[in-house]
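**Q** what follows is a predicted structure for the sequence shown.
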Amino acid sequence: MVQDESTRVRLGWPDTGAAELEEVREVLESGMLTMGPKVEEFEAGLARACEVEHALAVSSGTAALHLAVLAFGLEPGDEVLVPAYTFPATANVVALAGLRPVLVDVDPETMNIDPAKIEVGPRTKALLAVHLFGRPLRLHELPDVPLLEDAAGALGARYRGRACGSLGVAGCLSFHPRKIVTTGEGGAVTTNDAAFADQVRLLRNHGWRSLAPADMPVPGLNYRLSDILCAVGIPQLAHLDELLETRTQIAAGYSERLAHLPVLLPRADDGDVHGWQAYVIQVDDRDRVLTELRAQGIEAQIGTYSLPLLAAYRDQGEFPGARRVFERALALPFHTRLTEPELDRVAEALDKLVSRH
């Protein structure tokens, strides 16, 4: 029986409140709704969090990926390696830049790109790899190819002591409401390369270097992020460590409750710090489990997508790792407002659904 709204266990819930309202009030009272000081303040906080010299706020995580790919300055037809299991934006931006996304299968356990499956060809110019759901990829196993990090869900994650978003030529963040820090919609490009940062800065604002005198060295796009939205993100970013600690505790609560079940639980490699954008398990007969959880008022979702199962990328062949993960990955309710009784409820529901089959 479907539960009423008051008993629904939410999939996600942004960690926003009075501090965000006050920041937005300041912006509205200032009359500077975009291209103002809150953008620079937010960017400075992001640069500190990712331990880089430059952070450029943009209108979405997809915009961040698009601008970063464009800033590489590759030639039409050049190839960029992309994991076969990811949100489609990771590959779409490559195709829309006139480049060829070459899919690489993923490790069925980590759900990240499988280094053993990477083949570098004569036109391979970059690797666009994802820290999926906040789990850092195994950087030490990757080939010597320029790395662009899709760190959309990895703000706060660390690989062997280093911040995700600082590991390659550039990193790309998302501030969608299911991320650890949200601006509603938004993203950012992080980098230590001043020339790369300058290119992204131009491309996000129509290509303008200045308006007086008019100087537009390249054609660009309008991918700016407004001060209002940056204001929403600033208080959360100031408490990033606390948010990550809370999410880590919730993840541990799930792992303790589900350890006895025949499911694969998420974790980071030893020495790494998981970003905990989501808590995604792998379970047999996922679609049945998903349907029954929802019928009980427990919001759950698939993990993400196997790109070769989508028409746009079906011509690249079969990728068994991506197919297996797509068929088994299940995102459970995960946010800082989850209560212990709600964790119990989700675990008890899974116990009945998984143990009886």
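**A** Received it, and whenever you're ready, just let me know what you need.

**Q** mind checking pLDDT for the nearest residue to Leu132 once chain neighbours are set aside?
**A** Excluding the flanking residues, the one nearest Leu132 by Cβ to Cβ, 6 or more residues apart in numbering is Met111, at 4.9 Å. All C-beta spots, glycine's among them, are computed from the backbone N, C-alpha and C. On pLDDT, Met111 comes in at 98.

**Q** Met111 is in contact with Pro136, isn't it?
**A** No: with contact defined as Cβ atoms under 8 Å, Met111 does not count as touching Pro136 (12.0 Å).

**Q** so Ala347 lies in a helix, does it not?
**A** Yes: counting by DSSP: H, G, I helix; E, B strand; the rest coil, Ala347 is located in a helix.

**Q** correct me if wrong: it contacts Arg257.
**A** Yes: using Cβ under 8 Å, Ala347 is in contact with Arg257, at 3.7 Å.

**Q** next one: Pro177 from Gly186, what distance?
**A** Here Pro177 is placed at a distance of 10 Å from Gly186 (Cβ to Cβ, to the nearest Å).

**Q** more neighbours: which of the two?
**A** A direct count of neighbours by other Cβ atoms under 10 Å for Pro177 and Gly186 places Gly186 higher, at 26 against 14.

**Q** got the phi and psi for that one?
**A** Phi and psi for Gly186, reported as degrees, to the nearest 10, are phi 160, psi 170.

**Q** which residues does it contact?
**A** Neighbour list for Gly186: Ala57, Val58, Ser59, Ser60, Gly61, Ser174, Phe175, His176, Leu225, Leu229, Cys230, Gly233 [criterion: Cβ atoms under 8 Å, 6 or more residues apart in numbering].

**Q** check the secondary structure at the last one for me.
**A** Using three-state DSSP, the three-state assignment for Gly233 comes out as helix.

**Q** contacts only, for it.
**A** Taking Cβ under 8 Å, 6+ apart, one finds Phe42, Phe175, Val181, Thr182, Thr183, Gly186 in contact with Gly233.

**Q** any weak-confidence spans in this protein?
**A** Applying pLDDT under 70 to the chain flags residues 1-4, 356-357.

**Q** try it again at 50.
**A** 1-2 (pLDDT under 50).

**Q** in it, where's the longest strand?
**A** In the chain, taking DSSP state E as the definition, the longest strand is strand 124-130.

**Q** show me what the helix or strand just after that strand is packed up against.
**A** The helix or strand immediately downstream of strand 124-130 is strand 147-150, counting by DSSP states H and E. Contacting strand 147-150 under the criterion 3 or more Cβ pairs under 8 Å, 6 or more residues apart in numbering; DSSP states H and E are the following elements: helix 61-71, strand 124-130, strand 170-174.

**Q** redo the ones you listed as JSON lines? Include mean neighbour count and distance to Val145.
**A** Conversion of these to JSON lines gives the following (neighbours: other Cβ atoms under 10 Å; distance: least, Cβ to Cβ, whole Å):
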{"stretch": "helix 61-71", "mean neighbour count": "26", "distance to Val145": "14"}
{"stretch": "strand 124-130", "mean neighbour count": "24", "distance to Val145": "5"}
{"stretch": "strand 170-174", "mean neighbour count": "30", "distance to Val145": "14"}
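
**Q** closest to Pro219 out of those?
**A** helix 61-71 (10.4 Å; Cβ to Cβ).

**Q** give me the contact list for that closest one.
**A** In this structure, residues lying in contact with helix 61-71 by Cβ under 8 Å, 6+ apart are 56, 58, 80, 89-90, 92-94, 96-97, 99, 126, 128, 148, 150, 152, 170, 172-176, 186-189, 196, 199-200, 203-204, 221, 223.

**Q** repeat for stretch 200-209
**A** Contacts to stretch 200-209, defined as Cβ under 8 Å, 6+ apart, come from residues 56, 58, 63, 67-68, 70-71, 170, 189, 191, 215-224.

**Q** does the residue nearest the centre of the chain belong to a helix, a strand or coil?
**A** In the chain, the residue lying closest to the centroid (Cα atoms, centre = their mean) is Ala152, at 2.2 Å. Per three-state DSSP, the secondary structure class of Ala152 is coil.
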